[in-house]
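*Asks:* Got a predicted structure here, sequence first:
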Amino acid sequence: METVDDSVWVSLVPGPPQFESRKMMSVYSKFLRELQTSRRRWLVSGAAGFIGTHLVETLLNLGQEVVGIDNLSAGGKANLEAVLTRVSPDHKSKFEFYEMDISDIEKCRRHCEGIQYVLHQAALTSVPRSIKEPFLAHRCNVEGFLKLALAAQESGVEAFVYASSASVYGQGQGSPLSEEAPLMPASPYGTTKWIDEIYAQRLGQESPMRFFGLRYFNVIGPGQDATASYAAVVPRWIHALVRNERTEIFGDGETTRDFCDVEDVVQANLLAAVTPTGSVEICNIGSGLGTRLVELHETIVRLLKEDGIVCPPNAPRFGPFRAGDVDRSVADISKAIKILGYAPEVSLEVSLKRVIRHALGKGWPE
Ligand SMILES: NC(=O)c1ccc[n+]([C@@H]2O[C@H](COP(=O)([O-])OP(=O)(O)OC[C@H]3O[C@@H](n4cnc5c(N)ncnc54)[C@H](O)[C@@H]3O)[C@@H](O)[C@H]2O)c1
């Protein structure tokens with residue numbers, strides 16, 4: 001993916017008709033063309049993580065200057081090294097990486113100097129771990145957020161785009177979820193993300209730096225860690241199935257999620273950074289479509305079969321719901337469409353095919 005033009009994006013996203021038509025009128029494709037001719041300086045926190053690496057790669061391929069920071073507690077340097085093998089030497093030279101913790105405000109200040117946009121992804125991301133270690137979740141997700149946001153504000157950053165989460169809504173809030181739904185997080189993780197939004201609300205009134213919170217739903221894509229103890233469902237199942245191991249569904253399988261491709265999350269971040277909006281905004285970011293876990297499982301098994309992988313004959317094992325899980329979580333994305341021109345471009349089927357291709361060692365999806 002050397003350069004990004006319309007034809008590249010078209011080849012990335014064969015999918016159902018709603019995705020095809022959205023793509024044709026994409027505000028994003030116009031924005032990408034513009035960005036290629038104007039170099040800006042971006043800071044990505046959590047740069048070595050799943051979403052962070054995709055942000056870094058897209059920005060570098062657009063000829064942008066990128067500063068990545070990460071304490072490597074979850075993400076690995078190898079992820080970034082892999083990114084750098086996929087970008088041209090010229091683009092690679094525009095990347096700086098600093099291993100650091102966002103709780104170090106002096107380092108946050110140093111690396112925010114000269115930055116126009118911060119894309120803040122660093123966090124302790126696991127719901128079960130936040131239940132076990134709520135102080136750690138608070139230190140990383142709230143104190144870390146505050147330190148990086150204050151450092152960015154002092155340095156004159158234009159926009160601070162940060163990863164919030166659908167977990168701020170909690171249980172039983174109806175579906176699809178609009179940004180106006182009451183917030184009742186069911187875990188310390190969701191609570192920390194809500195506190196971040198409250199800080200953004202407060203700080204955004206005090207300076208010209210815009211705050212934009214993106215409430216991601218379930219993000220999927222190549223490079224998501226399947227071996228982490230709290231791995232997300234898609235990489236965990238694919239990892240198990242290709243090894244002929246039995247999968248487990250927490251709950252009765254009717255649990256419904258909104259799975260969104262990581263390229264669409266990258267799109268949302270870039271649009272949120274540059275679109276002139278109010279000083280404090282929050283948007284849901286998902287596909288807008290609900291998928292039941294049993295359906296997801298069947299689709300993965302079918303796609304693996306198409307790729308020549310024979311899955312274990314046993315049906316998945318159904319286990320108890322995990323603490324902090326919610327049974328239905330689907331995004332109403334009309335606000336993001338309206339204020340950002342956000343248009344999800346990658347269907348679930350295409351997204352899963354790309355994850356599978358990568359998991360089978362068939363290369364990084366074009
Ligand atoms: N992946 C999803 O489905 C999803 C859904 C909702 C919200 N989010 C949010 O999106 C963001 C990115 O998620 P991800 O899936 O890429 O997770 P990830 O765990 O792959 O990446 C997070 C990165 O942050 C780094 N990090 C953690 N604590 C840090 C600290 N104190 N200082 C510096 N770096 C630190 C980790 O080493 C890791 O590389 C997170 O804020 C997460 O809460 C993700």
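*Replies:* Perfect, thanks for sending it. Every value quoted in this text rests on a predicted model; they were computed, and no experiment measured them.

*Asks:* what's the helix or strand for L352?
*Replies:* helix 348-359 (DSSP states H and E).

*Asks:* And that helix, what's buried?
*Replies:* For helix 348-359, the neighbour count (16 or more other C-beta atoms under 10 Å) marks L348, V350, S351, L352, K353, R354, V355, I356, R357, H358, A359 as buried. For the C-beta atoms, the positions are set from N, CA and C on the backbone; glycine is no exception.

*Asks:* Stretch 143-154 now?
*Replies:* Buried residues in stretch 143-154 (16+ other C-beta under 10 Å): G144, F145, L146, K147, L148, A149, L150, A151, A152, Q153.

*Asks:* picking that back up, I'd like the buried residues of helix 348-359 laid out as CSV, including distance to the ligand and pLDDT.
*Replies:* Below are the buried residues of helix 348-359 laid out as CSV (distance: C-beta to the nearest ligand atom, whole Å; pLDDT from 0 to 100):
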residue, distance to the ligand, pLDDT
L348, 14, 97
V350, 17, 96
S351, 12, 96
L352, 14, 96
K353, 19, 95
R354, 15, 95
V355, 13, 94
I356, 18, 94
R357, 19, 92
H358, 15, 91
A359, 16, 90
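
*Asks:* circling back to that earlier point, would you check which of the buried residues of stretch 143-154 are in contact with the ligand?
*Replies:* Filtering the buried residues of stretch 143-154 for proximity to the ligand by C-beta under 6 Å from any ligand atom leaves G144.

*Asks:* What residues does the most centrally placed residue in the chain make contact with?
*Replies:* Taking C-alpha atoms, centre = their mean, the centroid of the chain lies closest to I51, which sits 4.5 Å from it. Taking C-beta atoms under 8 Å, 6 or more residues apart in numbering, we find I51 in contact with Q121, A163, Y216, V219, V262, V265, V266.

*Asks:* ok, 7 Å please
*Replies:* Taking C-beta atoms under 7 Å, 6 or more residues apart in numbering, we find I51 in contact with Q121, A163, V219, V262, V265.

*Asks:* can you check G75 too?
*Replies:* G75 neighbours (C-beta under 7 Å, 6+ apart): G46, A48, G49, G52.

*Asks:* State the pLDDT value of it.
*Replies:* With respect to pLDDT, G75 scores 90.

*Asks:* next one: the one 5 residues further on
*Replies:* You'll see L80 listed with a pLDDT of 96.

*Asks:* Please report phi then psi for the residue of the stretch 51-200 of the chain found nearest the ligand.
*Replies:* Among all residues of the stretch 51-200 of the chain, G75 sits closest to the ligand, at 2.2 Å; criterion: C-beta to the nearest ligand atom. Dihedral pair for G75: phi -80, psi 160, per degrees, to the nearest 10.

*Asks:* Kindly format the C-alpha coordinates of stretch 124-134 as PDB.
*Replies:* What follows is stretch 124-134, C-alpha atoms only, in PDB (Å, rounded to 0.1, in the frame of the first residue of the first chain):
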ATOM      1  CA  LEU A 124      -5.300  -1.000  29.600                       C
ATOM      2  CA  THR A 125      -7.800  -2.500  27.200                       C
ATOM      3  CA  SER A 126      -9.200  -5.600  28.800                       C
ATOM      4  CA  VAL A 127     -12.500  -5.600  30.700                       C
ATOM      5  CA  PRO A 128     -11.700  -8.700  32.800                       C
ATOM      6  CA  ARG A 129      -8.300  -7.300  33.700                       C
ATOM      7  CA  SER A 130      -9.800  -4.000  34.800                       C
ATOM      8  CA  ILE A 131     -12.000  -5.900  37.100                       C
ATOM      9  CA  LYS A 132      -9.000  -7.700  38.600                       C
ATOM     10  CA  GLU A 133      -6.800  -4.600  38.700                       C
ATOM     11  CA  PRO A 134      -9.000  -1.500  38.900                       C
END
